[in-house]
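> Requesting a structural model of the entry that follows:
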Amino acid sequence: MTRCTPSSGTRLANFFALALALGVATAVAHAQTLTTVSVATGLTKPIQVASPVGDTSRLFVIEQRGIVKLIKNGVLLATPFLNIDSAVPEQTYSGLFGIAFHPDYATNGRFFLHHTTGATSAIVVWIVEYTRSATNPDLADAASRRVIMRIATPSTQGYHLGGTLLFGADGYMYIPLGDGGYTGDAGGGQRSQSMSFLWGKILRIDIDGDDFPADASSNYAIPPTNPYVGGASATDDPIIAKGLRNPFRCAFDPVTGKIWIGDVGGTAREEIDVFDPATEFGANFAWNCVEGTLCTTNANCACPSSALKAPLYEYTHSLGLSITGGAVYRGCAIPALEGQYLYADYQNSKAWRMNLATGSPVVTDITTQLAPVSGPTCIGPDAAGELFIVNHTAGTVRRITSNPAPPDSDGDGTPDSCEVRPADINGDGVVTAADLSAVLAGWGAPGPTDINGDGTTDSLDIGVVLADWG
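Here you go, the predicted structure:
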């Protein structure tokens, strides 16, 4: 999408471009009605939730002050998973912001944090690694800390630090960073656009390698397919995209492989960007040449320019003031929500869902449905793809579900239709004589009828069928 210049004629063109290219409608929903169920209360400034791949029993929640707590089987455990409060001096715009788990966390126990140190005038962002305790999977080894990356703010402002860590299907870590400034891009409008800074960029690194053995603060490798590898400066080697203001919350869509970015705006617009790492290396999201689709007065940027990537959607400050990027729903419990993007606004305590089924974004306000919404800092998925909203101000985590809620006969928070039932051999949703017959037919052999996984189909597998009957 071509950008508009600030002249009066192109402002009019901007309205037409926005209406035609985005085709956005704010819908009065006759689709899925949602509600929330309380999962955890009494938290201190919770800021994100996340789960390791395949672990549907654990949901980790981080608090801004530097504490990682664990919700296990729906219950908030009293003992924190990890407490680095003393190492994370929390301030309004700093603290512990993000957590991500290694794709092979189940076997290697490695996880990563995005946190800050220092006063506002001298903030440093740290990407660090810890490992799970060797004896207790509900605790981390606090002594296992290893620095992956250290990024110091190059001015006295120290804001817009990003906060999300992501792993792609390629196994690499993606790190979206803000411009490090305050209202505008600090550095004369050049930090997000300049390849001499990591600020305002999306970084992509290999946390299983080390290209800097002599640097104790750089324990990572550069993926050889990053777009700027081999250039005149090594500074730009981790960069795969630029032009962001503050992508505080971002999420991969596990189906499409695209990153959904909630980029916090400045004085006028909040925006949602979608980035495809498979095809868009080198993308420029345009800050601070453009805010949303509104050209700025930055004389260092050409506007309009086909080189600038337009947002999928934007909203003005009459609707909200600080976007909290969310996630695309890929769970089981709410089929009508499949493929829709849920997001929120921190300052106005609002939430929306976006449906792209018709090709253009159709946005529905779901604030009342998700109430109480109180300073939302994350809408994020667990390992099963179900979404949770984190309320920073209220200190709560709430699970998003349909209204009325789907049947859940065992009360474990997983709808009956989504329960994994190994004894349902034929996959018809119930355990009956047909499954018992399958066990008898497979007697003595390994394979799908060996329900308990001990290598042979026998009376123990019949016991599993009878215990799960119905």
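> now the helices for this protein?
Taking DSSP state H to define them, one finds helices in the chain at 8-17, 105-108, 367-370, 433-441, 459-467.
> For residue 154, report the pLDDT, please.
Note on residue 154: pLDDT of 70.
> any chance you could map the strands in the stretch 251-400 of the chain?
With DSSP state E, counting those that start in this stretch, the ranges of strands along the stretch 251-400 of the chain come out as 259-263, 269-275, 283-284, 290-291, 294-295, 313-316, 323-328, 341-345, 350-355, 362-365, 376-381, 387-391, 396-402.
> Please apply the same query to the stretch 51-200 of the chain.
Residue ranges of the strands in the stretch 51-200 of the chain, as given by DSSP E, counting those that start in this stretch, are 58-63, 67-72, 75-76, 82-83, 96-101, 110-117, 124-132, 140-152, 166-167, 173-176.
> Pick the most deeply packed of those strands.
Mean neighbour count, computed with mean count of other Cβ atoms under 10 Å, is highest for strand 173-176 among the strands of the stretch 51-200 of the chain, reaching a mean of 26. For every residue, glycine as well, the C-beta is placed using N, CA and C.
> before we move on, back to that, can you redo the helices of the chain as CSV with distance to residue 220, mean pLDDT and mean neighbour count?
Compiled in CSV, those are given as follows (distance: least, Cβ to Cβ, whole Å; pLDDT from 0 to 100; neighbours: other Cβ atoms under 10 Å):
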stretch, distance to residue 220, mean pLDDT, mean neighbour count
helix 8-17, 40, 34, 13
helix 105-108, 16, 96, 13
helix 367-370, 37, 98, 18
helix 433-441, 48, 90, 15
helix 459-467, 45, 87, 15
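> got the ones you listed as JSON lines, with distance to residue 227 columns?
Output for the helices of the chain, formatted as JSON lines (distance: least, Cβ to Cβ, whole Å):
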{"stretch": "helix 8-17", "distance to residue 227": "28"}
{"stretch": "helix 105-108", "distance to residue 227": "29"}
{"stretch": "helix 367-370", "distance to residue 227": "38"}
{"stretch": "helix 433-441", "distance to residue 227": "52"}
{"stretch": "helix 459-467", "distance to residue 227": "51"}
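> And the ones you listed: which comes nearest residue 34?
Closest to residue 34 of those is helix 367-370 (Cβ to Cβ; 4.3 Å).
> Low-confidence ranges, the stretch 51-200 of the chain, go.
The model of the stretch 51-200 of the chain has pLDDT under 70 over residues 155-158, 183-189.
> Domain map for the protein?
Annotated domains of the chain cover 8-402, 421-467 [automatic domain parsing].
> The closest residue to residue 314 other than its chain neighbours: neighbour count?
Spatially, and ignoring its direct neighbours in sequence, residue 314 is nearest to residue 292 (3.7 Å; Cβ to Cβ, 6 or more residues apart in numbering). Counted with other Cβ atoms under 10 Å, residues neighbouring residue 292 total 23.
> Residue 292 contacts residue 265, doesn't it?
Yes: with contact defined as Cβ atoms under 8 Å, residue 292 reaches residue 265; the gap is 6.5 Å.
> Run through the residues that contact residue 322.
264-265, 270, 345-348 (Cβ atoms under 8 Å, 6 or more residues apart in numbering).
> and the residues you listed, which are buried?
Those of the contacts of residue 322 that meet the buried threshold are 264-265, 270, 345-346, 348, by 16 or more other Cβ atoms under 10 Å.
> Once you drop chain neighbours, what's closest to residue 348?
The nearest residue in space to residue 348 (Cβ to Cβ, 6+ apart) is residue 320, at 4.4 Å.
> and that neighbour, how many residues sit next to it?
By other Cβ under 10 Å, the residues close to residue 320 number 21.
> didn't it look like it was pressed against residue 345?
Yes: using Cβ under 8 Å, residue 320 is in contact with residue 345, at 3.2 Å.
> quick one: common contacting residues for these two?
What both residue 320 and residue 345 touch, as defined by Cβ under 8 Å, 6+ apart, is the set residue 270.
> before we move on, back to that, got the strands of the stretch 51-200 of the chain as CSV, with distance to residue 251 columns?
Below are these laid out as CSV (distance: least, Cβ to Cβ, whole Å):
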stretch, distance to residue 251
strand 58-63, 15
strand 67-72, 19
strand 75-76, 23
strand 82-83, 22
strand 96-101, 11
strand 110-117, 14
strand 124-132, 18
strand 140-152, 20
strand 166-167, 7
strand 173-176, 10
